[in-house]
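Engineer: turn this into a model:
(chains A and B)
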Amino acid sequence: MTAQSKIAEPADRRQTFPPIKRAPSRFRNPIGKYKIRRGAQCIACGKCATLCPEGVHVKAGDAMGKPRDFYCLGFSCKNNSFYCIDNCPVHALRLVENPLCQTLGDLRWTSDLLISTWYMAETGEVPRADIEYCLGNSNGGFDKLRFKAADTMQGHDVSDDEISTAIDLNRSNDGRPLVTIQVPFYGGGMSFGSVSLATMVSRAKAAAAWGTFGCTGEGGYPEHLIPYDNHMITQVATGLFGVREQTIQRVRIVEFKYAQGAKPGLGGHLLGDKVTPGVAKMREAVVGNALFSPFPFHSVYSVEDHKKHVDWIKHVNPQALVSVKVSTPTDVDMVAVGIYYAGAHIIHLDGSYGGTGAAPDIAKKNIAMPIEYAIPKVHQFLLEEGIRDRITLIASGGIRTAHDVAKAIALGADGVVIGTADMVALECVRCHNCESGRGCARGIASTDPRLSEMITVEWGAQRIINLYAAWRTQLVQILRQFGMRSIKELVGRTDCLYHVDYVQEKDSVHRAAGGGN
Amino acid sequence: MPKKYHIDFKQTAPRYTPLGKSGIIDFREGCTRCRPCAKKACVYNVYDKRNFDNVLMLDSIDYLCKNCFRCVQQCKKGLLTKSTNPEYEKMGDAYWTPEIIATNWAQAETGKIPVSGAGYGGPFAGPGFDSMWTDMSEIVRPTRDGIHGREYISTAVDIGKKLPQLYFNDVGVLASPFPPLIELPIPMIMSFPSFGHISKNVKSALALAASKVGTMLLISAEDYEDYLINYKQCLIPQVSEEHYAMLQDKIAGHRAIEIVYSKGSSELFKEIKQKFPDVIVFFKVPLDGRELEISEELVSRGAEVIHLYADDNGNEIGKTNPRFIKDMIRRVHLRLVELCLRDHITLIAGGGIAMAEHVAKSIICGADAVAMDIALLIALECRLCKRCIKNRPCPVTIDSIEPAWGSQRVMNLLSAWRNQLLEVLGAMGLREVRRLRGEVGRSMFFEELEADVFGRFFGKRLT
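Structural biologist: This next block holds a predicted model:
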């Protein structure tokens, strides 16, 4: 699909977005990329506090407070007239990279990505500091893909509101509702049990505010989510935990989960510790007993069996759209076609580097293919089959940033599903201990009563709302740069991308502005 | 249905505090002893369990800390921070990374497969075994009952020569001579690494583990001392031409023997086979560029098992631009398939087998089984400091382990590796590891995916 063949659509003018409110860290000592050290020679003149527009320095009475250096712009601030280090009359200030960052994050979610996501969740703004908020350090896939700097003639100067990031989830023309979401992403399934109720409701509330969806996961449909029915996807997974006719009838989208990218072909496992009385009731299970969600659906061994499942849902809820979540085996393209012919509206591909509450390390690292390969493989195959425009292709499994969202779409997806990014917005540090003992020490992925008190729904929802706002700003920047007015125009536009490991015609490569480096 | 195979695992604590990835730095100066103290709030109680190892100068908190950063972020005075542990980062080398060493330690301690939350945090792909992924089966052709204990997935492999066909005589009685065959319950045999304080205790520990698990241990003629004679059934003595004399009286009663390949070793093979027709003979052949011709030659001479070995890091031996073991094995396997000789021989791959996934990947590339070496020493707490090479004392005194402790640690590791192999097989819908051999269709290679998917958009990959 080229730019010429696709006419720019007018932006959806009905779009309204939730307000951004500052939602600072829950912790006394937020982590930033930079540290400012104040020497003993400081005379507390307060000049730095007057100068710094980011609010790093605070004068409290006659003394200087501890620098709020997590707002610091870093070394590039040197070019600014307000650079505190050079302006200090007694040279008491020193700027260093925070050594703590060496112990934070991993190659996929680097400390920069974590810190910048926290910043976006706090402020709703794109980071201005010297911080890499687009790329991780995994040395492949999204981290090696870049947007070309588009021809300056191509770009246009329209306001953010005139650029649409909305996508349609029902492209089948089957008379069911044309469900549109305002941003090209929705929340991935996380069950009650794997995350706390506050986390679940925060995500649902943020999804509702943004006019998109959250997902129950397969642990049942807690009543706290009922106010968000219009923005929930309920999952039917192999364990069928908490699946009832009412839950299917309550929602606009039902998702079949065949497999999960982090543990393809292995099914789910909720450790006994996490099966608290509340969880057990919801899942109709026994307290303290580990719960297995088997692989596969024991009633599905063929595409025909699969169609029966889809028909079942469509019969129980005549208004619902059906999404089918699968992971990414070698024959993922064939699987996708099967999903289409069974009558699903959404193909949801979950790539191998996706998140999980608990999975064997060997599976997370080795089984199935990364989403960066699966998207173009399926997109191209559906195009060749002539059915691409009748189904919505959603990708997940390692979508960390707004740029990942845009890259996934340029590779051929209509939209994406996010999970870990929401968790990071709630101050996840990627310690990988969601599953052990009482669960998440930071109260995000825990059903322990004391730990889950650490998050309030109001704060959690606002953090996620803010993150989405910063992401939309970035998506709009990318679209504007390519002269596009709708995210739908970006689908499959691999010509907007380059991969740093590939030979390129010299003049066709321009470093992307705002696209990382 | 055969009896379900199981390796007994049991929590077996390390003797020394393991090195941890990062530590807590606790600046006590300025502490106002406020309540509640952030350290008391630790969800994992690491501050209560904390102790100092005076021998190794280690603070156990480096190992116990789970990196949740809560104390760092909550201390009112900001007196806590974290830093990386240089001792940890120094361990091993680019291939045997600190992460690989630490995960094997944990498996040897618990016997459980590593499970964690959140997605994979490592590189997208990498050299060696990291440039391939294994497949899973979606909707069609899955396992019928998953891997959760209800289904029998076999990890057994046959070591030896398999008959291409059977012959019957005029009266319909089986006339084919049956060559000896060993069924191992796991596709992993054990061998000693090229370094390490391999004391009597270490040898006993490994032999004991091999006999309990039902696998076999390769042991050189020099290492084969009298106290090991009780483990005959699970030992494979390694001989070269010059050592044969030393060992020949001991061979009877063994199920297999290994000849270190050299120009004249086919004579030795003939001699051994003549005297001990029921003993399976392995040939130990280096992966040094000549492996194809040597393998072909050995198969044509009736060899039963070829043990191909790379260097410790899985690289081709003695080359500046070495190929990797998975590619070398794949080439030998494919050549033998082409010649219709593949089932005449068992291929065992050794060198660089550092993680459970390497077993599955070696087998996909064409090996029947693998030979573990350094990983076994890691099960005994080895830190790969290699001081032993310079005859310096071992920091974790491996030479003085209790054989029972050591064998349990090794069994734990084998159990965890086997269970991970089951995960991989279960995800593919395979019910036995024999069917995984050479099944490259059940895998994806980085180079191929890049060319198929990205190549069509971005041209040629720079190498």
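Engineer: B:Ser137 reaches A:Gly265, doesn't it?
Structural biologist: Yes - counting by C-beta atoms under 8 Å, A:Gly265 is a contact partner of B:Ser137 at 6.0 Å. C-betas here are computed from N, CA, C, even on glycine.
Engineer: who has more neighbours, the two?
Structural biologist: Comparing B:Ser137 with A:Gly265 by other C-beta atoms under 10 Å in any protein chain shown, the one with more neighbours is A:Gly265, at 30 against 23.
Engineer: read off the pLDDT value for the more buried one.
Structural biologist: Looking at A:Gly265, its pLDDT is 82.
Engineer: that one should be in a strand, yeah?
Structural biologist: No - according to DSSP: H, G, I helix; E, B strand; the rest coil, A:Gly265 belongs to no strand; its state is coil.
Engineer: and the residue nearest to it when sequence neighbours are not counted, how many neighbours does it have?
Structural biologist: Using C-beta to C-beta, 6 or more residues apart in numbering or on different chains and skipping the chain neighbours, the partner closest in space to A:Gly265 is B:Ala427 (3.1 Å). B:Ala427: 32 surrounding residues under other C-beta under 10 Å.
Engineer: cool, the one 5 residues further on as well?
Structural biologist: For B:Glu432, the count of nearby residues is 13 (other C-beta under 10 Å).
Engineer: who does it bridge with?
Structural biologist: B:Ser154 (DSSP bridges).
Engineer: was I right about it contacting B:Asp158?
Structural biologist: No - contact status for B:Glu432 versus B:Asp158: not in contact, 11.0 Å apart, counting by C-beta under 8 Å.
Engineer: for B:Leu217, give me phi and psi.
Structural biologist: Phi and psi for B:Leu217, reported as degrees, to the nearest 10, are phi -120, psi 120.
Engineer: just the closest residue of the stretch 201-350 of chain B to chain A, please.
Structural biologist: B:Lys326 (13.0 Å; C-beta to the nearest C-beta).
Engineer: that residue looks like it's in a helix, true?
Structural biologist: Yes - the assignment for B:Lys326 is a helix, going by three-state DSSP.
Engineer: quick check: it touching B:Pro127?
Structural biologist: No - using C-beta under 8 Å, B:Lys326 is not in contact with B:Pro127; the gap is 10.4 Å.
Engineer: who has more neighbours, the two?
Structural biologist: Comparing B:Lys326 with B:Pro127 by neighbour count (other C-beta under 10 Å), the higher total belongs to B:Lys326, at 25 against 14.
Engineer: for the nearest residue to the more buried one once chain neighbours are set aside, give its distance to chain A.
Structural biologist: The shortest distance from B:Lys326 to any non-neighbouring residue, by C-beta to C-beta, 6+ apart, is to B:Cys365 (4.6 Å). B:Cys365 is 14 Å from chain A, where distance means C-beta to the nearest C-beta, to the nearest Å.
Engineer: which of the helices or strands spans residue 409?
Structural biologist: Defaulting to chain A. helix A:402-411 (DSSP states H and E).
Engineer: meant chain B, my bad for not saying
Structural biologist: Secondary structure from DSSP H and E places B:Arg409 in helix B:403-428.
Engineer: is chain A within reach of whichever helix or strand comes after that helix?
Structural biologist: Proceeding N to C from helix B:403-428, the next assigned helix or strand is strand B:443-445, under DSSP H and E. Yes - counting by C-beta under 8 Å from any C-beta of the partner chain, chain A has neighbours in strand B:443-445: B:Met444.
Engineer: which strands or helices does strand B:443-445 pack on?
Structural biologist: Where contact means 3 or more C-beta pairs under 8 Å, 6 or more residues apart in numbering or on different chains; DSSP states H and E, strand B:443-445 is packed against strand B:132-134.
Engineer: how does it look with 10 Å?
Structural biologist: strand B:132-134, helix B:325-338, helix B:356-364 (3 or more C-beta pairs under 10 Å, 6 or more residues apart in numbering or on different chains; DSSP states H and E).
Engineer: ok, then the element right after that strand?
Structural biologist: Following strand B:443-445 in sequence, per DSSP H and E, is helix B:446-449.
Engineer: can you list the buried residues in that following helix?
Structural biologist: For helix B:446-449, the neighbour count (16 or more other C-beta atoms under 10 Å in any protein chain shown) marks B:446, B:449 as buried.
Engineer: helix or strand right after that helix?
Structural biologist: Next helix or strand after helix B:446-449 toward the C-terminus (DSSP H and E): helix B:455-458.
Engineer: pull out the buried positions in that next one.
Structural biologist: Those would be B:455, B:457-458, for helix B:455-458 by 16+ other C-beta under 10 Å.
Engineer: likewise for stretch A:142-159?
Structural biologist: Applying 16+ other C-beta under 10 Å to stretch A:142-159 flags A:142-150, A:155 as buried.
Engineer: which of those residues fall in helices?
Structural biologist: For the buried residues of stretch A:142-159, not one is inside helices, with DSSP state H as the criterion.
Engineer: thanks again, I'm all set now.
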